[in-house]
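Undergrad: Below are the sequence and a predicted model for it; my questions follow.
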Amino acid sequence: MVYNWQIKWELKSLSKNELFNIISKAIVKQIEGLPIERVSLQGNFVYDYNADSLDIIAIILTLEEVFEKNMTTKIPTTELDSVVIVEDILSLIYNILIDIEKHMDPFKPIKPDYSKIV
């Protein structure tokens, strides 16, 4: 599957590396003993990280906390069924942040709360 962000990165507030690093930190915060160096876009939560659906939900909740100052809605639980690899979470968060940026008038950069992933 090819995601929109793979063709053209449109998020103004964060680079792809910055968003990936935030997501990686949320993952290693939840999955005990997982070194951040092992997290990759193609990493499979079940097979590569021994995570289950509760871990994925906890990761999503952490990311909601990281961006809660900007997010006016929660991530739909229907979207969680499609999360298999790290890239799926990146795409999910990217699309939400893009939608937030599109509705800003005037534009103000989205500022993640990094204290939630330490």
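TA: In hand now; what should we look at? Numbers count the residues shown, from 1 in each chain.

Undergrad: wait, doesn't residue 84 sit right on residue 41?
TA: No. Counting by CB atoms under 8 Å, residue 84 does not reach residue 41; the two are 11.9 Å apart. Using the backbone N, CA and C atoms, a C-beta is placed for each residue, glycine as well.

Undergrad: Contacts for the helix or strand where residue 98 lies, please.
TA: Using DSSP states H and E, residue 98 sits within helix 86-102. Here helix 86-102 makes contact (CB atoms under 8 Å, 6 or more residues apart in numbering) with 3-5, 10-14, 19-20, 23-24, 27, 39-43, 45, 56, 59-60, 63, 67, 70-72, 75, 79, 82-83, 107, 110.

Undergrad: Recalculate using a threshold of 6 Å.
TA: 3, 5, 10-12, 23, 41, 43, 63, 70, 79, 82-83, 110 (CB atoms under 6 Å, 6 or more residues apart in numbering).

Undergrad: Let's verify the residue nearest to residue 83 when sequence neighbours are not counted: helix, strand, or coil?
TA: Nearest non-adjacent residue to residue 83, counting by CB to CB, 6 or more residues apart in numbering: residue 56, 5.3 Å away. Here residue 56 is recorded as helix under DSSP: H, G, I helix; E, B strand; the rest coil.

Undergrad: burial count for residue 56?
TA: 21 (other CB atoms under 10 Å).

Undergrad: Isn't it up against residue 84?
TA: No. Look at residue 56 against residue 84 with CB atoms under 6 Å: they stay out of range, at 9.2 Å.

Undergrad: Just the helices from the chain, written as ranges.
TA: Along the chain, counting by DSSP state H, helices occupy 4-7, 16-30, 53-66, 86-102.

Undergrad: Can you give the contact residues for the second one?
TA: For helix 16-30, contacts defined as CB under 6 Å, 6+ apart pick out 9, 34, 36, 39, 55, 58-59, 62-63, 89-90, 112, 117.

Undergrad: which stretches of the chain aren't confidently modelled?
TA: Along the chain, segments meeting pLDDT under 70 span 73.

Undergrad: how about 50 then?
TA: Low-confidence segments of the chain, defined by pLDDT under 50, are absent.
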